[in-house]
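S.K.: heads up, no residue letters with this:
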């Protein structure tokens, strides 16, 4: 039997930004192997490179050196259109800022990834809203929702197209402690029930208890905690 492909394989990954005549090394010699279905937390102080790593994993930036393979596909060398299509079909994103469109309703925001992929499934949206406890808010304007409700809608939008990999960048940063705990429990429950892989960058150590593995960025590279 052939072994299943790893969800994520990083090999000798590096990212350097050049401004004028200066260089800033953000990541260097990053190696990482994550199996499908794992929940991995990445810790690190502000400016340590957590968001840069997620941008590379999310095909929103290219590495200076090294390889990024997601489900066996090398994404670091993809052309712009290939990267866009890969993001639409294979990745889900949850950010600290909810990034909802205020002039759309909750369900319209959730359906955006489906619309981009030319898939229509309002029934799936309704089912996901019900699971999130927000069926009664389906047709509410996004700007009229509370912070916790907006983040739940953002979670639904990230999951609606059944991506294999979810990337979360400080998803509870704008929420109070109790609401933040509820959101983390919800994300954990949803991705595990679907066998999806979750990589979450955070500075909050409260999230560690939910993770299968915890890594931290030190001296531009990843190390086990």
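M.R.: Perfect, I can see it now. Model, not experiment: these values are computed from the prediction.
S.K.: just so I have it, where are all the helices in this protein?
M.R.: 50-57, 80-90, 106-110, 112-116, 122-131, 147-159, 177-193 (DSSP state H).
S.K.: Just put those in CSV and tack on mean neighbour count and mean pLDDT.
M.R.: C-beta coordinates here come from the backbone N, C-alpha and C atoms, glycine included. Output for the helices of the chain, formatted as CSV (neighbours: other C-beta atoms under 10 Å; pLDDT from 0 to 100):
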stretch, mean neighbour count, mean pLDDT
helix 50-57, 22, 95
helix 80-90, 14, 92
helix 106-110, 24, 93
helix 112-116, 16, 82
helix 122-131, 16, 86
helix 147-159, 23, 93
helix 177-193, 16, 90
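S.K.: beta partners for the residue nearest the centre of the chain?
M.R.: Geometric centre of the chain, nearest residue: residue 167, 1.4 Å, by C-alpha atoms, centre = their mean. Residue 167 has these beta-bridge partners by DSSP bridges: residue 93, residue 199.
S.K.: isn't it right up against residue 57?
M.R.: Yes. Under the criterion of C-beta atoms under 8 Å, residue 167 makes contact with residue 57 at 5.8 Å.
S.K.: which residues are common contacts for these two?
M.R.: residue 199 (C-beta atoms under 8 Å, 6 or more residues apart in numbering).
S.K.: rewinding a little: using a markdown table, please lay out the helices of the chain together with distance to residue 211.
M.R.: Below are the helices of the chain laid out as a markdown table (distance: least, C-beta to C-beta, whole Å):
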| stretch | distance to residue 211 |
| --- | --- |
| helix 50-57 | 14 |
| helix 80-90 | 22 |
| helix 106-110 | 26 |
| helix 112-116 | 25 |
| helix 122-131 | 22 |
| helix 147-159 | 17 |
| helix 177-193 | 9 |
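S.K.: what's the closest of the ones you listed to residue 28?
M.R.: Closest approach to residue 28 among these is made by helix 50-57 (11.4 Å; C-beta to C-beta).
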